[in-house]
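# I'd like to go over a predicted model; first the sequence, then the structure.
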2 protein chains.
Amino acid sequence: MTQPASIIVDWGTSSLRAMLVSTTGEVLDIREPKSGGIQFVENGAFEAALMLAVGSWFAENGPLPVLASGMITSRNGWVEVPYVDAPAGLAGLATGTRKITLENGATVTFLPGMRDPAAQPFPDVMRGEETQIVGFCLAAAHGKGLDRDCTVVLPGTHSKWARVAAGRIAAFQTYATGEVFALLTKHSFIARAEEPEPGAEPNWTAFDRGVAFAASDAPAADAFLSAVFSARTGILAGALAASDIMDYVSGLVIGSEFRQARAAGWHKAGDTVGLVGNNILNTRYGRVAPFFDLVVETGPADAAKRGILAIAGQLSGE
Amino acid sequence: MTQPASIIVDWGTSSLRAMLVSTTGEVLDIREPKSGGIQFVENGAFEAALMLAVGSWFAENGPLPVLASGMITSRNGWVEVPYVDAPAGLAGLATGTRKITLENGATVTFLPGMRDPAAQPFPDVMRGEETQIVGFCLAAAHGKGLDRDCTVVLPGTHSKWARVAAGRIAAFQTYATGEVFALLTKHSFIARAEEPEPGAEPNWTAFDRGVAFAASDAPAADAFLSAVFSARTGILAGALAASDIMDYVSGLVIGSEFRQARAAGWHKAGDTVGLVGNNILNTRYGRVAPFFDLVVETGPADAAKRGILAIAGQLSGE
């Protein structure tokens, strides 16, 4: 049976995504209201905003428990939940949750983000990605906990590299790859590029050239501040066309992320890394991995949901 | 005597700077007309623009020879002058000049930029900085040619590291440090910063923290895409204040330039490097150098003029 059992809310700065989930973890319905992000909520009226989004699910199914993660748990959100320090596993993440009760009697459990106090130069942080890491590892281990050690990369505006060992998320590091890509292609003199047509196939030849340089033996590939200038010198040398720049820079910065992550100890030739992102980024990162002799294991699209349910599952029986 | 002997024009995309120079190399007068850059010159009317700027000097002194460098020699300028390939010295740069004669009989000699065909992944280029490198080396060697081997850094939007050996500019590499700094502090989410009051003293404590991390043994300092995220994590950890960000990021990116230049072979502990920039950048780069055990030799403010005169001097007698 597909009996509704809980509501999962991924509530970020710019968007809200709610899922009605069955007892067996199946997604029965999805709500993504326009302007649902916390930046649009005025005077702290988060409960009203939640009711607006999923009130009808409560009306139909009673006060289902709500599990919330994302920036809704930050200082600018509804309930600030302190970060749980790495290393931490399912139990540690569950212990860090905060719970409130709504007017209708439903509980909202806010999941904590994570902090890596060993990161340099300051503790690194994430809010939400830890649920994807947990979900990936559970899927890879067929639901049997976080017992399999692995390295996972989560591509995005602020990509994360994370290591799971001995049943816990042991360490992680943020790479601002997506943001630097956007800055270079939208605002820079050296690599400003035309937006491609929506849905257009990437220029894989240009992309691969950027990756190939980032993965090469050239000492200049260790000099990121210099490497980005190659978008300009490539044009001047007649080696790149204006229509190459967007994907050349994409390949260069993602390739540089892999190169720098290797220097920082996250991977070495022959390793397998998990990949948990959207389809577009998974395709790009998956294409870069072989340049660094890595094997990729792509995670399930519903990694976050799996992780959230697993963390919340630790709380049952309390 | 201070007899006018030539006119030097540094003519860039956004500005024009003309100097009336004596037989002994002294600057007798300077003109910096508003909106003088080549981007403001319509329909290729460069001669009219030049006459507008320095016509009175011709009227008073006759058809003095003009020496022009900068983007005026590029495809978008007056006369496109092909790059001279490294390695090249004074004679090579002089051979690469192009000369035209104006209506009034004065000649304009356009100095070439340089290209380093050995740079990776594409040949690197500069237009104008080579005159500063030449001028610095001549000053350091008391005018006796480029005989002293040295490494020179020219800080800027697109910094250059260059090596002079055996009387020639042997190699150089561009670092887009100033541009990346501007992108991060003006447009990014992670390090957007308030403009300081004009003339305010930099926050050297914050600057030094950025440099110290870039110069540290931490493997994460090799991961530039991650290091920039520290502007954000430093705030979250309470280790940085909003008023620290501008100079913390300045120290981090300039320090990263030095770190990457070291990885690319431009310097090692104990070296002396020449420094040719404006006062503000010289101060910042000069402050970073000791973190990498480098000794700095700051170049003269008129390095470009010295270099241009020396290159043109090779042409006399033709």
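Perfect, I can see it now.
# work out the gap between stretch A:14-34 and the centre of the chain.
Put simply, stretch A:14-34 sits 18 Å off its chain's centre (Cα atoms, centre = their mean, to the nearest Å).
# just the strands from chain A, written as ranges.
A:4-11, A:16-22, A:27-31, A:66-69, A:84-85, A:98-101, A:107-110, A:114-116, A:124-126, A:150-154, A:159-165, A:168-175, A:272-275, A:295-298 (DSSP state E).
# minimum distance to chain B: which of these has it?
strand A:168-175 (4.3 Å; Cβ to the nearest Cβ). Glycine gets a C-beta too; all of them are placed from N, C-alpha and C.
# re the thing from before, now the strands of chain A as TSV including mean neighbour count?
As requested, the strands of chain A are exported to TSV (neighbours: other Cβ atoms under 10 Å in any protein chain shown):
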stretch	mean neighbour count
strand A:4-11	22
strand A:16-22	21
strand A:27-31	14
strand A:66-69	25
strand A:84-85	18
strand A:98-101	14
strand A:107-110	20
strand A:114-116	25
strand A:124-126	24
strand A:150-154	24
strand A:159-165	23
strand A:168-175	24
strand A:272-275	19
strand A:295-298	14
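# tabulate those (JSON lines), appending mean pLDDT.
As requested, the strands of chain A are exported to JSON lines (pLDDT from 0 to 100):
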{"stretch": "strand A:4-11", "mean pLDDT": "96"}
{"stretch": "strand A:16-22", "mean pLDDT": "96"}
{"stretch": "strand A:27-31", "mean pLDDT": "96"}
{"stretch": "strand A:66-69", "mean pLDDT": "97"}
{"stretch": "strand A:84-85", "mean pLDDT": "98"}
{"stretch": "strand A:98-101", "mean pLDDT": "97"}
{"stretch": "strand A:107-110", "mean pLDDT": "98"}
{"stretch": "strand A:114-116", "mean pLDDT": "98"}
{"stretch": "strand A:124-126", "mean pLDDT": "97"}
{"stretch": "strand A:150-154", "mean pLDDT": "95"}
{"stretch": "strand A:159-165", "mean pLDDT": "96"}
{"stretch": "strand A:168-175", "mean pLDDT": "97"}
{"stretch": "strand A:272-275", "mean pLDDT": "96"}
{"stretch": "strand A:295-298", "mean pLDDT": "96"}
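# distance to A:A49 added to those strands, as CSV?
Shown next, in CSV, are those (distance: least, Cβ to Cβ, whole Å):
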stretch, distance to A:A49
strand A:4-11, 9
strand A:16-22, 8
strand A:27-31, 12
strand A:66-69, 12
strand A:84-85, 26
strand A:98-101, 14
strand A:107-110, 12
strand A:114-116, 26
strand A:124-126, 24
strand A:150-154, 27
strand A:159-165, 28
strand A:168-175, 28
strand A:272-275, 33
strand A:295-298, 34
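# in a markdown table, list these along with distance to chain B.
A markdown table is the format used below for those (distance: least, Cβ to the nearest Cβ, whole Å):
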| stretch | distance to chain B |
| --- | --- |
| strand A:4-11 | 18 |
| strand A:16-22 | 20 |
| strand A:27-31 | 27 |
| strand A:66-69 | 18 |
| strand A:84-85 | 12 |
| strand A:98-101 | 18 |
| strand A:107-110 | 18 |
| strand A:114-116 | 9 |
| strand A:124-126 | 6 |
| strand A:150-154 | 13 |
| strand A:159-165 | 8 |
| strand A:168-175 | 4 |
| strand A:272-275 | 16 |
| strand A:295-298 | 19 |
